[in-house]
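>>> Just the structure for this:
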Amino acid sequence: MVRIRKVRLLIILALLVASYSCREVAIPKPKGFIRIYLPEKKYIVFDQTSTKTKGMPFYFEYPAYGKISYQKEDKTKPGWFNIEFPEYKAKIYFTYKDVISNLDSLMEQTYKLNIKSHIAKADAINQQVYNNQENKVYGILYDLKGNTASAVQFYVTDSINHYLRGSLYFSAEPNADSLAPVIEFFREDIIHMVETLKWKK
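A predicted model of the protein is given here:
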């Protein structure tokens, strides 16, 4: 009788072990990100016929899926404009200034406003130098790695008369992993704008 009970107990234990080993262990899935659909690359010439932009002394090709917008009418800041991408909550802010023996000051201002303010959050800051002697376009593109408010910044100048700076921002919480494909997409557009930029004089 005792032997039968022991056998039954062993059978029950064997069945429990077998059923437990066959059962899948629940493993939490890694956090996923929403798939982002990006448009086909297409560019148009910066609108020189607009009342607000015809005074701008440069041309460049910008993304056809972007929308030019402006700060509120402000006579002290006529060179301020943006290219917006509402579907991606992205905006490239531009500021144009005349160079009047103040190039060093403008570059220092760009560094303080756009780079120094992000150093604490950036994992790294990479620089790409532009030196287009044919079109007299010289400058630097900054890639800010990590969860920074702005991922790409740049400035270009002819070193005599013109200075244009820009910065890419998203109106979303900075998350370098989820934004990586969109950042790279708009970074390519910024490079295209810089490479097609020509000064009027």
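>>> Let me know the pLDDT of the spatially closest residue to Pro181 that is not a sequence neighbour.
Excluding the flanking residues, the one nearest Pro181 by CB to CB, 6 or more residues apart in numbering is Ile36, at 6.0 Å. C-betas here are computed from N, CA, C, even on glycine. Ile36 is assigned a pLDDT of 73 by the prediction.
>>> In a helix, Ile36, correct?
No: Ile36 is assigned coil when assessed by DSSP: H, G, I helix; E, B strand; the rest coil, not a helix.
>>> and stretch 59-69, what's its mean pLDDT?
Averaging pLDDT along stretch 59-69 gives 93.
>>> now do stretch 159-171
Here the average pLDDT along stretch 159-171 is 93.
>>> Would you mark the buried spots in stretch 160-167?
Neighbour counts over stretch 160-167 (16 or more other CB atoms under 10 Å) mark 162-167 as buried.
>>> Contacts for it next, please.
57-58, 92-99, 103, 106, 110, 114, 150, 152-157, 190, 193, 197, 199, 201 (CB atoms under 8 Å, 6 or more residues apart in numbering).
>>> buried subset of these?
Buried, going by 16+ other CB under 10 Å: 58, 92-97, 103, 106, 110, 114, 150, 152-157, 190, 193, 197, 199, out of the contacts of stretch 160-167.
>>> Give me the neighbour count for Asn175.
Residues lying near Asn175 (other CB atoms under 10 Å) number 11.
>>> got a list of what it touches?
Taking CB under 8 Å, 6+ apart, we find Asn175 in contact with Asn147.
>>> Can you check the pLDDT for it?
Turning to Asn175, the model gives it a pLDDT of 70.
>>> what are the ranges of the helices in this protein?
Along the chain, counting by DSSP state H, helices occupy 2-22, 103-110, 176-196.
>>> Before I go, just wanted to say thanks for your time.
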